[in-house]
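Colleague: coords please:
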Amino acid sequence: MPYSVGSGFAPGYMNRPPSWTTFVNREKKREIGWREEAHIILNKSYANIFTNHKAVKQSKKLTDHGWNIIKDELVQLLSVHKTQCLADKHRVMHQECYSCLKQEYARILAMSDLRVEPFPLLGDILTNKVFEDYIWNTPDDEDLSKEFCASQLSEHLPSILDEWRSAKTKELIEIMQKVCPEATAADLNLLTTLFGCKGCGSTIHFPQMFYHRCCVSNNAPV
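Modeller: Predicted coordinates for the structure are as follows:
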């Protein structure tokens, strides 16, 4: 039997084809579990993508038989739309996460003396498993405020810095040992221990390589 048009939808709803209004109205949208999604689509500027579809744009009244014919196709349309919407939503969230972490890390760097306490580049922070998971696996309903980002950095940054500094110190020791196999971490602070920047050719002491302009800007090796 034909179904009547309900109320409470977006402007222009009454002008849409009967088959479409039936789909988004009453028991049909509840029946297939797409009530919310269908309502969202009707309130979007791209609703014509669906209303102009051959399975939707029909002047005749929709019967149960007609509904059974077009139901699967319409559900597929909504499914594709929902997947795209979720992808767009996650992309925006990832950008927000990145922006928040970038701003907060910049604030921390501005308050720190890099000559005394070396800090990694932002990329090293973002690719750390803790923040990589935070950026890519943050639930849709998670709080992404600056305060939350600050608390995350405050909690995890100390251990990340310890891990990073230890790894970089080990790399420097390995460089020294190519010239002096007996070299140890204690030799890093000797005035006679010098490193050369392959970017500009400058001679630098430890820990200057951590804030040397070439190493920071271009990630040039020592």
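
Colleague: only C-alpha atoms for contact and neighbour calcs from this point on.
Modeller: Fine.

Colleague: can you pull out the strands in this protein?
Modeller: Remark: strands assigned in the chain by DSSP state E are 195-196, 203-204.

Colleague: right, and the ones you listed - which one's nearest Pro118?
Modeller: For the strands of the chain, proximity to Pro118 was assessed by C-alpha to C-alpha; strand 203-204 is nearest, at 14.6 Å.

Colleague: Name every strand pairing with the closest one and say which way it goes.
Modeller: Sheet pairing here is set by DSSP bridges, and for strand 203-204 it gives strand 195-196 (antiparallel).

Colleague: per-residue confidence at the closest residue to Thr203 other than its chain neighbours?
Modeller: Nearest residue to Thr203 in three dimensions, chain neighbours excluded: Gly196, at 4.6 Å (C-alpha to C-alpha, 6 or more residues apart in numbering). At Gly196, the model reports a pLDDT of 85.

Colleague: number of nearby residues for Cys176?
Modeller: Heads up, residue 176 is Met, not Cys. Counted with other C-alpha atoms under 10 Å, residues neighbouring Met176 total 20.

Colleague: isn't it right up against Ala183?
Modeller: Yes. At 6.3 Å, Met176 and Ala183 qualify as touching, with contact defined as C-alpha atoms under 8 Å.

Colleague: ok, and the helix or strand in the chain with the lowest average confidence?
Modeller: Lowest on mean pLDDT, DSSP states H and E among the helices and strands of the chain sits helix 26-31, with a mean of 47.

Colleague: related to what we said a few turns ago, will you turn the strands of the chain into TSV that also has mean neighbour count and distance to Leu121?
Modeller: Converted to TSV, those look like this (neighbours: other C-alpha atoms under 10 Å; distance: least, C-alpha to C-alpha, whole Å):
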stretch	mean neighbour count	distance to Leu121
strand 195-196	16	20
strand 203-204	14	19
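
Colleague: Throw those strands into JSON lines and include distance to Lys71, thanks.
Modeller: Shown next, in JSON lines, are the strands of the chain (distance: least, C-alpha to C-alpha, whole Å):
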{"stretch": "strand 195-196", "distance to Lys71": "70"}
{"stretch": "strand 203-204", "distance to Lys71": "71"}
